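# Next one to model:
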Amino acid sequence: MLYDEARMALTKERLEDLRKEKKLSFEQLSKQLAERGVSISHTNLKNYEINDPLHPLYGRTRSMSIEYLVAFADFYDVSVEYLLGLSNSCKQEYHDISEQLGLWCYPEFWITPLIPNY
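Numbers count the residues shown, from 1 in each chain. I've put the predicted structure just below:
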């Protein structure tokens, strides 16, 4: 499964929809991301949403850093897979193996016998 033109267009569309859903301008989004420690200029944010294949900056989304991708997912509370067009489920899903194994309750109970002088 490649990150092809269709998925790139979907990423651009989803970034735009999520920003508009929060009623944020590019400047406001840039400021809010900066407050979270991620510096992305409002110009770059705008370029990530350009969905015209003839525009010279159209390919910007393809070269988006992982840091930015994760920042967008965190900010909008969606999964990276959703932003990349690999999933239609927008909610982040957390899978904790300790919960699946039933070890989430009282972890010291499980660890104590294994560690001397705990």
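
# any weak-confidence spans in the chain?
Low-confidence segments of the chain, defined by pLDDT under 70, span residues 1, 92-118.

# go with 80
Judged by pLDDT under 80, the chain has its weakly predicted residues at 1-3, 59-63, 90-118.

# Do a quick rundown of the helices in this protein.
5-21, 26-35, 42-48, 66-76, 80-83, 97-100, 107-111 (DSSP state H).

# Go through the ones you listed and name the closest to residue 60.
Residue 60 lies closest, by C-beta to C-beta, to one member of the helices of the chain: helix 42-48, at 4.3 Å. All C-beta spots, glycine's among them, are computed from the backbone N, C-alpha and C.

# Could you export the helices of the chain to a markdown table, including columns for mean neighbour count?
A markdown table is the format used below for those (neighbours: other C-beta atoms under 10 Å):
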| stretch | mean neighbour count |
| --- | --- |
| helix 5-21 | 16 |
| helix 26-35 | 15 |
| helix 42-48 | 17 |
| helix 66-76 | 16 |
| helix 80-83 | 18 |
| helix 97-100 | 10 |
| helix 107-111 | 10 |
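
# Would you mind giving the ones you listed as TSV with distance to residue 56 added?
Converted to TSV, those look like this (distance: least, C-beta to C-beta, whole Å):
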stretch	distance to residue 56
helix 5-21	15
helix 26-35	18
helix 42-48	10
helix 66-76	20
helix 80-83	23
helix 97-100	46
helix 107-111	54
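
# closest to residue 90 out of the ones you listed?
helix 80-83 (4.6 Å).

# quick one: contacts of the closest one?
By C-beta atoms under 8 Å, 6 or more residues apart in numbering, the residues outside helix 80-83 that reach it are 11, 14-15, 69-70, 72-73, 87-91.

# nearest to residue 50, of these?
Of those, the one sitting nearest to residue 50 (C-beta to C-beta) turns out to be residue 15, at 10.4 Å.
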